[in-house]
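Student: Coordinates for the following, if possible.
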Amino acid sequence: MYEHFFQCPYCWEEISMLLDPSISRQTYVEDCEVCCNPIEVTAAFEEQVLTAFAAMDIEQ
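Tutor: Below is the predicted model:
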């Protein structure tokens, strides 16, 4: 597993999520550990290296 730190798009606190580098492209929804709002997470890996990451407010 790969731990990635980023800012929540709702509360702006720095949080982290565990990403699975064995899945090359992934999109899912996970709640912020601080404010509990749902975040759409998109991640891409190439050869176990994180190449793209986005954490977006799903209420846009």
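
Student: List the strands paired with the one helix or strand Tyr28 maps to, with their directions.
Tutor: Here Tyr28, judged by DSSP states H and E, is contained in strand 25-31. With DSSP bridges as the test, strand 25-31 is paired with strand 38-46 (antiparallel).

Student: For whatever helix or strand comes next after the partner strand, which helices and strands make contact with it?
Tutor: Counting by DSSP H and E, the next helix or strand C-terminal to strand 38-46 is strand 49-57. For strand 49-57, the packing partners by 3 or more CB pairs under 8 Å, 6 or more residues apart in numbering; DSSP states H and E come out as strand 2-7, strand 38-46. Where you see a C-beta, it was placed from the backbone N, CA and C, and this is true even at glycine.

Student: next one: stretch 49-60 to chain centre, how far?
Tutor: When C-alpha coordinates are averaged (CA atoms, centre = their mean, to the nearest Å), stretch 49-60 and its chain have centres 6 Å apart.

Student: Just the mean pLDDT for that stretch, thanks.
Tutor: Averaging pLDDT along stretch 49-60 gives 91.

Student: what angle do the strand holding Tyr28 and strand 49-57 make?
Tutor: Per axes from the mean of the first three to the mean of the last three CA atoms, to 10 degrees, the angle that strand 25-31 makes with strand 49-57 is 40 degrees.

Student: my read: Met1 touches Ser22, true?
Tutor: No - applying CB atoms under 8 Å as the test, Met1 and Ser22 come out as separate, 9.3 Å apart.

Student: and Val34, how many neighbours?
Tutor: Val34 is flanked by 13 other residues according to other CB atoms under 10 Å.
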